[in-house]
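>>> sequence first, predicted coordinates after that:
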Amino acid sequence: EVQLEDSGGGLVQAGGSLRLSCAASGFTFDDFAIGWVRQGPGKEREGVVCFSTNDGISHYADSVKGRFTISSDNAENLWHLEMTSLKPEDTAVYHCAVAIGPLAVCPDYDYWGQGTRVTVSS
């Protein structure tokens, strides 16, 4: 069973930093695409970042480029989203998500974590 567990959200002042984590299990880490999607209050869902083994590239939304970084530990079952220079408009519930298999591409996710709330105060 594929499971994604989000953690690391919280309250931070504008300009601060947070690190989100996503513990992934239940699938082999051969072909996959993994990333974070967020939804702020009154806003549409927005893809923040996605990494795909198809091209080995991390794709960032323009709104977070240069501020957010996706990474993983060596075992690839724990992923992180390092968020710096946070802005009030980054306030949202952040969900990690994954697509699995040789055709896995960003952002056609199959599985979602429960989400973690990030609040950035001005």
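Thanks, I have it.
>>> how deep is the nearest residue to Tyr109 once chain neighbours are set aside tucked in, by neighbour count?
Nearest residue to Tyr109 in three dimensions, chain neighbours excluded: Ala97, at 3.7 Å (C-beta to C-beta, 6 or more residues apart in numbering). Bear in mind the C-beta positions are built from the backbone N, C-alpha and C, glycine included. Per other C-beta atoms under 10 Å, the neighbour tally for Ala97 reads 22.
>>> name all residues that make contact with Ala97.
By C-beta atoms under 8 Å, 6 or more residues apart in numbering, the contact list for Ala97 reads 4, 34-37, 107, 109, 111-113.
>>> check what pLDDT the residue nearest to the spatial centre of the chain gets.
Centroid check for the chain by C-alpha atoms, centre = their mean gives Trp36 as the closest residue, at 2.3 Å. Note on Trp36: pLDDT of 98.
>>> equivalent analysis for the one 5 residues further on, please.
We have a pLDDT of 94 for Pro41.
>>> all set now, cheers.
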